[in-house]
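> Next come a sequence and a model predicted from it.
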Number of protein chains: 2
Amino acid sequence: MDTQADRGNTAHRSIRNERRMTPPPVDPGEQRYRVERQIGYLLRRAHQRASAIFQEQIGDPNITPTQFSSLVKLHEDGEVSQNQLGRLVGMDKATTQGVIRRLKARNLVSARADPGDARRTLLRLTGEGDRLVQRLMTAGPRVTNETLKPLNADEQRQLVTLLSRIA
Amino acid sequence: MDTQADRGNTAHRSIRNERRMTPPPVDPGEQRYRVERQIGYLLRRAHQRASAIFQEQIGDPNITPTQFSSLVKLHEDGEVSQNQLGRLVGMDKATTQGVIRRLKARNLVSARADPGDARRTLLRLTGEGDRLVQRLMTAGPRVTNETLKPLNADEQRQLVTLLSRIA
DNA sequence: TCGAGATCGTTCGCTTACGAACGATCTCAG
DNA sequence: CTGAGATCGTTCGTAAGCGAACGATCTCGA
């Protein structure tokens, strides 16, 4: 992550000229459109920060947030089909395919054909996958706490509640 | 590579019967770790939904949220260097490179060498880019409104405030 | 029974996102 | 003035994410 370092370097403050016609008409009553106030932009930035904290706190540089969610769901549900897992975790089926392929390659997840439906592939954790997810889950609260650190307990609850409703 | 290390596994908790085995006894005091309550997971899902709404509301299937943010920033600031734009919009410099390359390819952004610093590339909107961003900005509020629809006005303000603080 | 439509998992192409390494260039302290 | 270190933009590799198309399979109603 690039740190903000450029400050203090005002060399390029010159604003060449022209083209920058009506800077802001500065309408006292009207609110200008600001990207950094838009919900989508804020969600993107907050998600970036949360992902970075996950990576630094989870203690395993090879596990991504999405992989972790998939592993936890498999831990809870035991055995589910691939697309079903995708729905549970909020992954497109193309995305799911890639995530599961990588988890299988690392021997964290095993697959077998569904005996009752030839279209389906049933997934479950391997012993190794189960051990890993149990270990990683102990770090889960640390990730959450660190991400929500700027807020007090009340605000943390509010944010989680509001986010649940728009997610 | 030895495939299936886990075949038929006995030690593994075998969920032989399809029925939902009763989850670990619910300790009234203890809270189980739930992915769908974690802030990172909620941010990921909310961001997915916000992006989908952006795409359906913005009216131009070729413009992504990140591209839009970049265009708006260029519209506001006139002319900035590439890395500087990345910092303003929250993009890694590798990401910035890709985004700008695509915007240049579509003739929405133009670039020139910084006369005072040979390392830098100065970016600005083309006339076409300027017209586009002005048109798209009128759809901006629609995106926000639709995304925040599940919340009332008070809750919307709260969410934006809280998100700003953790982003 | 049978066939239209749904679902399953795969593949392709594209975009965002990040870390790491790189050569070129700039800044600043000594 | 000079060299160490910072910054610039590029490139490579990897991951998540999505739409679209595809063949195989399953479901269900006529």
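Right, received. Where do you want to start?
> And the residue in chain A positioned nearest to DNA strand C, how far from B:S69?
Proximity of chain A to DNA strand C (Cβ to the nearest atom of the strand) peaks at A:N83, 2.8 Å away. Placement of C-beta: from N, CA and C, glycine included. Note on A:N83: its distance to B:S69, by Cβ to Cβ, to the nearest Å, is 33 Å.
> With neighbour numbers in mind, choose between those two.
Ranked by neighbour count (other Cβ atoms under 10 Å in any protein chain shown), A:N83 and B:S69 place B:S69 first, with 23 against 16.
> In this structure the more buried one contacts A:Y41, no?
Yes: counting by Cβ atoms under 8 Å, B:S69 touches A:Y41, with 6.0 Å between them.
> check contacts around A:L108.
Contact partners of A:L108, counting by Cβ atoms under 8 Å, 6 or more residues apart in numbering or on different chains, are A:71, A:125-126, A:128-129, A:132.
> again with A:L42
A:36, B:160, B:163-164, B:167.
> Next: A:R102.
Contacts for A:R102 (Cβ under 8 Å, 6+ apart) come out as A:Q67.
> is any part of the longest helix seen in chain A close to DNA strand D?
Using DSSP state H, we find that the single longest helix of chain A is helix A:39-57. No: using Cβ under 7 Å from any atom of the strand, helix A:39-57 never reaches DNA strand D; the gap is at least 8.4 Å.
> and chain A, which residues reach DNA strand D?
Checking chain A against DNA strand D by Cβ under 7 Å from any atom of the strand, the hits are A:3, A:5-6, A:64, A:66-67, A:90-95, A:98-99, A:102, A:117-119.
> Among those, the buried ones, what's the PyMOL command?
To isolate the buried ones among the residues of chain A next to DNA strand D in PyMOL, judged by 16 or more other Cβ atoms under 10 Å in any protein chain shown, type:
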select buried, chain A and resi 64+66+67+90+91+99
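> A:S81: neighbouring residues, count only.
Residues within reach of A:S81, counting by other Cβ under 10 Å, total 16.
> wouldn't it be in contact with A:L122 here?
Yes: counting by Cβ under 8 Å, A:S81 touches A:L122, with 5.8 Å between them.
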